[in-house]
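Participant: Dropping a prediction and its sequence here:
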Amino acid sequence: MSLKAQITEDMKTAMRAKDSARLATIRLLLAAIKQKEVDERIELDDAAVIAVLDKMLKQRKDSITAFEAAGRQDLADQEKAETTVLQAYLPARMSDDEVRQAVQAIVAELGATSPADMGKVMGAVKARLAGKADMGAASAAVKAALAG
């Protein structure tokens, strides 16, 4: 079963269970997926759905930070609840050590030696680790590998 089909089934389950908070988050996710499909006139595969999930999670993290800074804990808690629902659809993430090892292997493979090679290395890292690793952690690992 594709990830998109799983999300649709979970929406139906949330409807039957009258779980309104979960249902609202799943509907937001399906709307984002549908929007991307309409904009690009394609059917999204699992990798593209994971990219949409990553984008939505980054938005939630940014919102949580902003709401907490503004003293709106109620809205921050709502965003945290949405984050929990969205994270359930992501595949298991790589640990920081695994990310660091993968980045070092890519840097060695490309022969990158200086921070000027950052763009080339990040392109390869995104291609190989998209959906498997947090890109913020991957970027930090690339900076560390190229600096040292």
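Facilitator: Sure thing, it's come through.
Participant: Just the element for the residue nearest the centre of the chain, please.
Facilitator: Nearest to the mean C-alpha position of the chain, counting by CA atoms, centre = their mean, stands D54 at 1.8 Å. D54 belongs to helix 46-69 when assigned by DSSP states H and E.
Participant: buried ones in that helix?
Facilitator: Residues 48-54, 56-57, 60, 63-64, 67 are the ones in helix 46-69 that count as buried (16 or more other CB atoms under 10 Å). The C-beta positions use only the backbone N, C-alpha and C, and glycine is treated the same way.
Participant: same for that helix, what does it pack against?
Facilitator: In terms of contacts (3 or more CB pairs under 8 Å, 6 or more residues apart in numbering; DSSP states H and E), helix 46-69 is packed against helix 3-16, helix 20-40, helix 73-87.
Participant: Can you give the contact residues for the longest one?
Facilitator: I take that to be helix 20-40. Residues outside helix 20-40 that contact it (CB atoms under 8 Å, 6 or more residues apart in numbering): 4, 7-8, 10-11, 14-15, 43-44, 48-49, 52-53, 55-56, 81-82, 85-86, 89.
Participant: mind checking how far that helix is from the chain centre?
Facilitator: 15 Å (CA atoms, centre = their mean, to the nearest Å).
Participant: Now do the buried residues in that helix.
Facilitator: Within helix 20-40, the residues scored as buried using 16+ other CB under 10 Å are 22-23, 25-26, 29-30, 32-33, 36-37.
Participant: Check the shortest one too.
Facilitator: Counting neighbours by 16+ other CB under 10 Å, one finds that the buried residues in helix 3-16 are 3-4, 7, 10-11, 14.
Participant: same check, this time on the last one
Facilitator: Taking 16+ other CB under 10 Å as the neighbour-count basis, helix 73-87 is seen to contain the buried residues 76, 78-80, 82-83, 85-86.
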